[in-house]
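Visitor: only geometry, no sequence info:
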């Protein structure tokens, strides 16, 4: 499932998405907004419960996202980490109240 979020408005944006498996090791999510996106706006795309079709297991968040959210390393991008924790994740949870990053951070 994909959710396209207008972070400032804390609302969902209508869209469709498909996965391109041209490179099976690096599947690509292609997103088609139903309407043109606004310029100078902040959007976030969340991919939830994506499943590896061959193994039947859920894809884990990327190493980069895990590092960003844990912020335990010396190379941590603290301003970006704070923005995700204080702005992006709350906007996602307000736009889609059935989603809880705290309850299921691996989703």
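Guide: Perfect, thanks for sending it. Just so we're clear, the structure is a prediction, and the values are computed from it rather than from any experiment. Residues are numbered from 1 along each chain as shown.

Visitor: List phi and psi for the most centrally placed residue in the chain.
Guide: Centroid-nearest residue in the chain: residue 46, 2.4 Å away (criterion: C-alpha atoms, centre = their mean). With angles defined as degrees, to the nearest 10, residue 46 sits at phi -110, psi 130.

Visitor: Just the element for the residue lying closest to it once chain neighbours are set aside, please.
Guide: Excluding its sequence neighbours, the residue lying closest to residue 46 (C-beta to C-beta, 6 or more residues apart in numbering) is residue 3, at 4.5 Å. Heads up, the C-betas are built off the backbone N, CA and C, glycines and all. For residue 3, the enclosing helix or strand under DSSP states H and E is strand 2-6.

Visitor: how about the strands of this structure, start to end?
Guide: 2-6, 11-12, 15-20, 28-33, 43-47, 51-52, 57-58 (DSSP state E).

Visitor: which of those strands has the lowest average pLDDT?
Guide: When those are ranked by mean pLDDT, strand 51-52 comes last with a mean of 75.

Visitor: So what sits opposite the nearest residue to residue 37 once chain neighbours are set aside in the bridge?
Guide: Once flanking residues are discounted, residue 37 sits nearest to residue 43: 6.1 Å by C-beta to C-beta, 6+ apart. Counting by DSSP bridges, residue 43 is bridged to residue 6.

Visitor: what's the answer for residue 20, then?
Guide: residue 28.

Visitor: show me the contacts for it.
Guide: Contacts for residue 20 (C-beta atoms under 8 Å, 6 or more residues apart in numbering) come out as 27, 28, 29, 30.
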